[in-house]
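**Q** sequence-free structure coming up:
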């Protein structure tokens, strides 16, 4: 039995569309844009909806390996790291853990103009 769960999720918004500067309590701070918040929530819900299929217990203090495969719509130059923070936040939210317990491993970059996406695989790391 596999100890992993693999999901396909849409590509996240570009880094230019993830954060905006807002004034709160007289101070400036970064906040997620509505587009980024929708993407994060949809990925978190997809993970939470599949929790019954996870072949491992999810608990605080557990480490998780997050493997990521990128499928971009074209060959334009992109920085894959730009989407990792939002992705880790979404996965952590779906698992119900702090994102500090998620260890990322980028596995590959491909071009798929018909179905751009991320494929992610979550695995509990046994210490």
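**A** Nice, I can see it. Because the structure is predicted, anything quoted here is derived from the model rather than measured. Numbering: from 1, shown residues only.

**Q** drop to CA atoms for contacts and neighbour counts, all remaining ones
**A** Noted.

**Q** Which residue lies nearest the spatial centre of this protein?
**A** residue 87 (2.0 Å; Cα atoms, centre = their mean).

**Q** From residue 27, how far off is residue 99?
**A** According to Cα to Cα, to the nearest Å, residue 99 stands 25 Å off from residue 27.

**Q** With neighbour numbers in mind, choose between the two.
**A** Counted by other Cα atoms under 10 Å, residue 99 and residue 27 do not tie: residue 99 has more neighbours, with 18 against 8.

**Q** which residues sit against the helix or strand hosting residue 86?
**A** Using DSSP states H and E, residue 86 falls within helix 84-95. Applying Cα atoms under 8 Å, 6 or more residues apart in numbering, the contact partners of helix 84-95 are 12, 36, 40-41, 43-48, 51, 58, 98-99, 102.

**Q** wait, doesn't residue 119 sit right on residue 9?
**A** Yes: using Cα atoms under 8 Å, residue 119 is in contact with residue 9, at 6.3 Å.

**Q** Would you mind stating the distance between the spatially closest residue to residue 11 that is not a sequence neighbour and residue 126?
**A** Computed as Cα to Cα, 6 or more residues apart in numbering, the closest residue to residue 11 that is not its neighbour in sequence is residue 117, at 4.7 Å. According to Cα to Cα, residue 117 stands 28 Å off from residue 126.

**Q** quick one, which of the two is more surrounded?
**A** Ranked by neighbour count (other Cα under 10 Å), residue 117 and residue 126 place residue 117 first, with 20 against 7.

**Q** wait, isn't residue 106 in contact with residue 68?
**A** Yes: the pair residue 106 / residue 68 is scored as a contact, 4.9 Å apart, by Cα under 8 Å.

**Q** distance between stretch 82-99 and the chain's centre?
**A** Put simply, stretch 82-99 sits 5 Å off its chain's centre (Cα atoms, centre = their mean, to the nearest Å).

**Q** and that stretch, which residues are buried?
**A** 86-95, 97-99 (16 or more other Cα atoms under 10 Å).

**Q** Can I get those in JSON lines including pLDDT and distance to residue 73?
**A** Converted to JSON lines, the buried residues of stretch 82-99 look like this (pLDDT from 0 to 100; distance: Cα to Cα, whole Å):
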{"residue": "86", "pLDDT": "94", "distance to residue 73": "20"}
{"residue": "87", "pLDDT": "96", "distance to residue 73": "18"}
{"residue": "88", "pLDDT": "95", "distance to residue 73": "22"}
{"residue": "89", "pLDDT": "94", "distance to residue 73": "24"}
{"residue": "90", "pLDDT": "96", "distance to residue 73": "22"}
{"residue": "91", "pLDDT": "93", "distance to residue 73": "23"}
{"residue": "92", "pLDDT": "91", "distance to residue 73": "26"}
{"residue": "93", "pLDDT": "92", "distance to residue 73": "27"}
{"residue": "94", "pLDDT": "90", "distance to residue 73": "26"}
{"residue": "95", "pLDDT": "87", "distance to residue 73": "28"}
{"residue": "97", "pLDDT": "86", "distance to residue 73": "31"}
{"residue": "98", "pLDDT": "87", "distance to residue 73": "31"}
{"residue": "99", "pLDDT": "90", "distance to residue 73": "28"}
